[in-house]
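In: Take this sequence and fold it.
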Amino acid sequence: MRLVALALVTPVLLALAELAVLLVVAHFLGLGWALLILLATSAIGVVLVSRVGPRSWRRFRGALNDGRPPGAEATNGLLALAAAALIAFPGFLSDLVGAVLLIPPVRDLAARGVQAAAERRLSPDVAGQVFGPRTVRVRQHRQEAADTEAPLEGDIVEPH
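Out: Numbers count the residues shown, from 1 in each chain. Got it, this is the predicted structure:
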């Protein structure tokens, strides 16, 4: 029930936040300039969507054709497309989030978060097919007594 309420309230709160920022910008720059900036950023976003979409699709298809797991290309492409769509959507906050998401290190960080969330929800076999196999680095602890076996400890190392 809480999830439904959150899904209904969130868009309203985001719209109110966008309106509040628009009013603040309009107060400082004037309504005409604020609307002109929104129109310009929306046009830039539409151009970005038309460029990012096909480029992302080509990279995704290239990974499939090369026999590589397409998860990284799909995730990065979808995040770039989401960033462009946020810029195309009229609003200063969405423009800011979209512009920040277009910065490659930020998008890489977001992609790692998306991949980690997807891997938690997918079976290990499916996650391996989508994102590639993970390797495990195993370390053995030193112990004082040579007679006892040392416990093993490992880290999952993401392939890059």
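
In: use CA for all of it now, contacts and neighbours both
Out: Noted.

In: Quick check: buried residues in the strand or helix carrying residue 38?
Out: Using DSSP states H and E, residue 38 sits within helix 31-65. The neighbour-count check on helix 31-65 (16 or more other C-alpha atoms under 10 Å) flags 34-35, 37-39, 41-46, 48-49, 52-53, 56, 59-61, 63 as buried.

In: for stretch 16-34, same thing?
Out: Quick answer for stretch 16-34 (16+ other C-alpha under 10 Å): 18, 22, 25, 34.

In: Let's verify the second one: helix, strand, or coil?
Out: Right, the one you point to is residue 22. Using DSSP: H, G, I helix; E, B strand; the rest coil, the structure places residue 22 in helix.

In: Pretty sure it sits against residue 94.
Out: No. Residue 22 lies out of contact with residue 94 (C-alpha atoms under 8 Å); the separation is 11.5 Å.

In: before we move on, back to that, packing partners of the helix holding residue 38?
Out: When contacts are defined as 3 or more C-alpha pairs under 8 Å, 6 or more residues apart in numbering; DSSP states H and E, helix 31-65 packs onto helix 2-29, helix 71-88.
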